[in-house]
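1. Here is a sequence together with a model predicted from it:
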Amino acid sequence: MSNPPSELPLDPASRSSDFPLDPPRRSSSDPIRVGVLGARGRMGAEVVRAVEAADDAEVVATVDAGDLLAGLADAGAEVVVDFTSPDVVMDNLRFCVDNGIHAVVGTSGFDARRLSTVAEWLEPEPEVGVLIAPNFAIGAVLSMRFAELAARYYDSAEVIELHHPRKVDAPSGTAAHTARLITQAREAAGVGPMPDATTQEAPGARGALVGDVRVHSLRIAGMIAHQEVVFGTEGETLTLRHDSLDRTSFMPGVLLAVRSVFTHPGLSVGLDKYMDL
Ligand SMILES: NC(=O)C1=CN([C@@H]2O[C@H](COP(=O)(O)OP(=O)(O)OC[C@H]3O[C@@H](n4cnc5c(N)ncnc54)[C@H](OP(=O)(O)O)[C@@H]3O)[C@@H](O)[C@H]2O)C=CC1
Ligand SMILES: O=C(O)C1=N[C@H](C(=O)O)C[C@H](O)C1
């Protein structure tokens, strides 16, 4: 007979203590004091719910457009979770670093220049941890890692990202990060340019070039966050697809980050840095 639903490992509380998304808890029994930036947004609202539901964390401050960042420090936030917008996230991060507040950042828009600016802020002796994670969904994190592993074995690689039509940026941060990982892996392996005989194209038909990889952005009503990485070589293709069907998919990763950021001073890019991947 199959297990009754209550015995299936769907409820996080029923998982064994070595489940890979449950890091060791800090020794203090006080809840982690969390500030949420962009708390009224689609992701921010989900983060508030997830933190409030966690037994070892509490929301002590919420900051939205028009509110003063000082509210985070006044409330004694130890960690800030930022899901705002690429336009404002750098100012938010600077405030956190200057005020000794750890930062877990999901907001997109981080290119190499922005990352090196944040790294400079944290030099020479970082007092806080800053995690910038293009995607907190476990499958998306794995998919990026798998893409990095696969990159050297294929002649061609392109990324298709599909999102809800309210998304303001394109390509997605996840797609851009995936494209950069593939580019770096191909470079490290000495793989040559991708075959592509296109000579005529309507503007945009071949997507945007991120590193050496073409990225195609679709905005489709009814979708949340989805990505395909398509690899090909003579006689075979490999497609890595991930689908976030609900924003709750990002929450185990966000909580992992909130619990782990204290023990990772300095800048980390990608949730995989907090996982045993
Ligand atoms: N890393 C990951 O796993 C994920 C990352 N994201 C990224 O997170 C970001 C937010 O996405 P989403 O929640 O869908 O977007 P929303 O537009 O729903 O939310 C953004 C929120 O930030 C608020 N905001 C704007 N400026 C400020 C400010 N200066 N201080 C505080 N709050 C501010 C906005 O307020 P107002 O509307 O009043 O301007 C809004 O409520 C995007 O960059 C997205 O790509 C999204 C999903 C997963
Ligand atoms: O805006 C979104 O929704 C998402 N943004 C992130 C991105 O730009 O990659 C993560 C996820 O794709 C959802």
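-> On my side now, so go ahead. Ligands and ions are numbered 1, 2, ... in the order given.

2. only C-alpha atoms for contact and neighbour calcs from this point on.
-> Noted.

3. give the contact list for the residue lying closest to G109 once chain neighbours are set aside.
-> Residue nearest to G109 in three dimensions, not counting chain neighbours: P86, with 5.0 Å by C-alpha to C-alpha, 6 or more residues apart in numbering. Residues in contact with P86 (C-alpha atoms under 8 Å, 6 or more residues apart in numbering) are T107, S108, G109, F110.

4. now do G270
-> Contacts of G270 (C-alpha under 8 Å, 6+ apart): L131, I132, A133, P134, N135, V141.

5. and these near ligand 1, which?
-> A133, P134, N135 (C-alpha under 6 Å from any ligand atom).

6. of all these, which comes closest to ligand 1?
-> Proximity of these to ligand 1 (C-alpha to the nearest ligand atom) peaks at N135, which lies at 3.3 Å.

7. neighbours around that closest one, how many?
-> Residues lying near N135 (other C-alpha atoms under 10 Å) number 26.

8. gap between it and G106?
-> Distance from N135 to G106, counting by C-alpha to C-alpha, to the nearest Å: 7 Å.

9. and if you look at A77?
-> 18 Å.

10. coming back round to it: among the contacts of G270, which are in strands?
-> Residues of these located in strands (DSSP state E): L131, I132.

11. As JSON lines, the contacts of G270 with pLDDT would be great.
-> Converted to JSON lines, the contacts of G270 look like this (pLDDT from 0 to 100):
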{"residue": "L131", "pLDDT": "98"}
{"residue": "I132", "pLDDT": "98"}
{"residue": "A133", "pLDDT": "98"}
{"residue": "P134", "pLDDT": "98"}
{"residue": "N135", "pLDDT": "98"}
{"residue": "V141", "pLDDT": "98"}
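
12. possible to save the contacts of G270 as TSV with distance to R186?
-> Shown next, in TSV, are the contacts of G270 (distance: C-alpha to C-alpha, whole Å):
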residue	distance to R186
L131	26
I132	24
A133	22
P134	21
N135	22
V141	19
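
13. hang on, the earlier thing: the more surrounded of A77 and G106?
-> Legend: neighbour count by other C-alpha under 10 Å for A77 and G106, higher for G106 (26 against 23).

14. residue contacts, the closest residue to ligand 1 within the stretch 151-277 of the chain?
-> Using C-alpha to the nearest ligand atom, F250 is the residue of the stretch 151-277 of the chain that sits closest to ligand 1, at 5.6 Å. The neighbourhood of F250, defined by C-alpha under 8 Å, 6+ apart, consists of N135, F136, A137, I138.

15. So it, which state does it fall into?
-> helix (DSSP: H, G, I helix; E, B strand; the rest coil).

16. if I look at it, how far off is A225?
-> Distance of F250 to A225, given as C-alpha to C-alpha: 10 Å.

17. Could you pull out the helices in the stretch 51-200 of the chain for me?
-> Along the stretch 51-200 of the chain, counting by DSSP state H, counting those that start in this stretch, helices occupy 70-74, 89-98, 112-121, 138-150, 173-189.

18. right, so those helices: which one is the most enclosed?
-> Across those, the average number of neighbours (mean count of other C-alpha atoms under 10 Å) peaks for helix 173-189, which reaches a mean of 21.
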